[in-house]
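>>> Have a look at this fold, sequence not included:
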């Protein structure tokens, strides 16, 4: 995994701050492969609670991550109980690493 321990802690902290203590995050994509270089940070945020305004929640997560990690390329997905299943969600869960 190509994230530093302090970056992982920031990401987890942001997830819990915005989505609640029982939220978790999955890192997927190129950052899970230690042999690769560069690449954006692909993150799936999951919560067992319905999210009222998904756009607001994703905006809060994005703003907090940029503020705490610096300007980085981020691809963010948000999954709550009302999120329909999609191939990208299955891919993230099947190939990703839970932080």
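Yep, it's here. Everything numeric in this text was worked out from a predicted model, so none of it was measured.

>>> residues in contact with the residue of the chain most remote from its centre?
Ranked by distance from the centre of the chain (CA atoms, centre = their mean), the top residue is residue 35, with 21.2 Å. By CB atoms under 8 Å, 6 or more residues apart in numbering, the contact set of residue 35 is empty. Every residue, glycine included, has its C-beta placed from N, CA and C.

>>> quick thing: my sequence starts at 656, can you match it?
With 656 as the first residue, the last one maps to residue 690.

>>> Residue 750 reaches residue 686, doesn't it?
No: using CB atoms under 8 Å, residue 750 is not in contact with residue 686, being 11.4 Å away.

>>> Tell me which of the two has more neighbours.
Ranked by neighbour count (other CB atoms under 10 Å), residue 750 and residue 686 place residue 686 first, with 20 against 12.

>>> Report the buried residues of stretch 706-713.
706, 712, 713 (16 or more other CB atoms under 10 Å).

>>> so the first one is in which element?
Secondary structure from DSSP states H and E places residue 706 outside every helix and strand.

>>> and residue 682, what helix or strand is that in?
Going by DSSP H and E, residue 682 is part of strand 679-683.

>>> ok, and what's touching that strand?
Residues outside strand 679-683 that contact it (CB under 8 Å, 6+ apart) are 656, 658, 666-667, 670, 696-701, 746-748, 750-754.
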